[in-house]
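Trainee: when you get a sec, could you give me coordinates for this:
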Amino acid sequence: MDSNRYLAPTIYSLISITIFITIAQAICVPIGSSRSDPAPTPKPSYTLSQDSDGSPLKDITGKIGDLLHSAIANNPLTGNLDPALMKMCNATDNQELCITELVPLLNGKNDADSVIRMAVKAASDYTNLALMEAEKLAADPSISSRLAGIFTDCKDSYSDALDNFQEALQSLPAKDSGTMGSMLSAAITDFSDIDDFLEGYTTTLPEYNAKLVKLTSNCINVTSEVLLARIFAATTQFP
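Mentor: Below you'll find the predicted structure:
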């Protein structure tokens with residue numbers, strides 16, 4: 001997905017909003033004081049403020065320029081993001097999450113193995129946070145023994161997911177994309193199992209799981225993108 005697809009609507013919206021606000025602020029429209037005030041309402045006066053050079057549009061265009069510069073610099077899908085990393089993240093189901101979670105971990109690296117490793121690390125780190133939350137919930141003395149047992153099952157599933165992430169990383173040096181995909185899919189199943197355990201209960205864990213499924217799906221997407229790129233590179237070597 002091309003980043004311009006996101007940038008163009010932003011630019012058009014900023015232009016429209018800026019022109020509207022600037023003209024609205026420049027128009028003086030006095031309003032009558034109250035319904036009981038018999039004094040006549042003054043006739044509205046419409047005056048565009050002008051710069052010293054007599055051009056009322058100079059201020060408008062200046063504001064538009066400032067806003068456009070800010071929009072381009074702060075757009076999460078543009079800016080100084082490496083094109084190779086952009087391509088990989090655009091291949092995922094959750095592009096913005098891919099960028100925000102991976103960029104801080106990569107430290108400028110953009111090779112395929114580093115991106116896959118850091119994508120799995122991001123999912124693993126967040127799984128550890130969910131596991132700590134499950135441990136805290138299970139240790140709450142005010143809950144029933146049944147609910148404590150459910151939280152214990154949740155802890156086991158999070159631990160299984162961490163094992164699956166570890167096995168996925170172990171298959172990376174051999175470029176065993178089949179095993180990696182299977183392990184990542186198994187982790188998603190672990191998170192779905194936890195949601196099933198907690199059906200009918202109100203806890204914070206489903207919120208963790210929703211993000212974990214997105215993070216893990218991104219891992220699968222990136223792995224698939226890398227595999228396709230390698231297959232294409234191999235086939236183009238032969239006539």
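
Trainee: contacts, neighbours, all on C-alpha from now
Mentor: Noted.

Trainee: can you tell me what sits against stretch 176-195?
Mentor: 153-154, 157-158, 160-162, 164-165, 167-169, 171-172, 205-206, 209, 212-213, 216-217, 219-220, 223-224, 227 (C-alpha atoms under 8 Å, 6 or more residues apart in numbering).

Trainee: where does pLDDT dip in the chain?
Mentor: 1-81, 227-239 (pLDDT under 70).

Trainee: now intersect the contacts of stretch 176-195 with the helices, please.
Mentor: 153-154, 157-158, 160-162, 164-165, 167-169, 205-206, 209, 212-213, 216-217, 219-220, 223-224, 227 (DSSP state H).

Trainee: can you give me the helices for the protein?
Mentor: 4-26, 57-74, 83-90, 95-106, 112-138, 145-170, 177-197, 205-235.

Trainee: tell me, how many residues neighbour the residue nearest to residue 122 when sequence neighbours are not counted?
Mentor: Counting by C-alpha to C-alpha, 6 or more residues apart in numbering, residue 122 lies nearest to residue 101, which is 6.5 Å off, once chain neighbours are set aside. Counted with other C-alpha atoms under 10 Å, residues neighbouring residue 101 total 16.

Trainee: these two touch, right, residue 101 and residue 121?
Mentor: No - the pair residue 101 / residue 121 is not scored as a contact, 9.7 Å apart, by C-alpha atoms under 8 Å.

Trainee: how does this structure divide into domains?
Mentor: 4-79, 84-235 (automatic domain parsing).

Trainee: any idea how far residue 102 lies from residue 139?
Mentor: According to C-alpha to C-alpha, to the nearest Å, residue 102 stands 33 Å off from residue 139.

Trainee: for the two, indicate the residue with more neighbours.
Mentor: residue 102 (22 against 13).

Trainee: tell me who's in contact with the more buried one.
Mentor: 115, 118, 119, 122.

Trainee: what sits against the last one?
Mentor: What it means is residue 122. By C-alpha under 8 Å, 6+ apart, the contact list for residue 122 reads 101, 102, 215.

Trainee: can you redo these as JSON lines with distance to residue 135?
Mentor: Shown next, in JSON lines, are these (distance: C-alpha to C-alpha, whole Å):
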{"residue": "101", "distance to residue 135": "25"}
{"residue": "102", "distance to residue 135": "27"}
{"residue": "215", "distance to residue 135": "22"}
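
Trainee: report the two of the contacts of residue 102 separated the most.
Mentor: Comparing every pair within the contacts of residue 102 by C-alpha to C-alpha identifies 115 and 122 as the most remote, at 10.5 Å.

Trainee: the closest residue to residue 89 other than its chain neighbours: neighbouring residues, count only.
Mentor: Nearest residue to residue 89 in three dimensions, chain neighbours excluded: residue 95, at 5.2 Å (C-alpha to C-alpha, 6+ apart). Neighbourhood size, residue 95 [other C-alpha under 10 Å]: 18.
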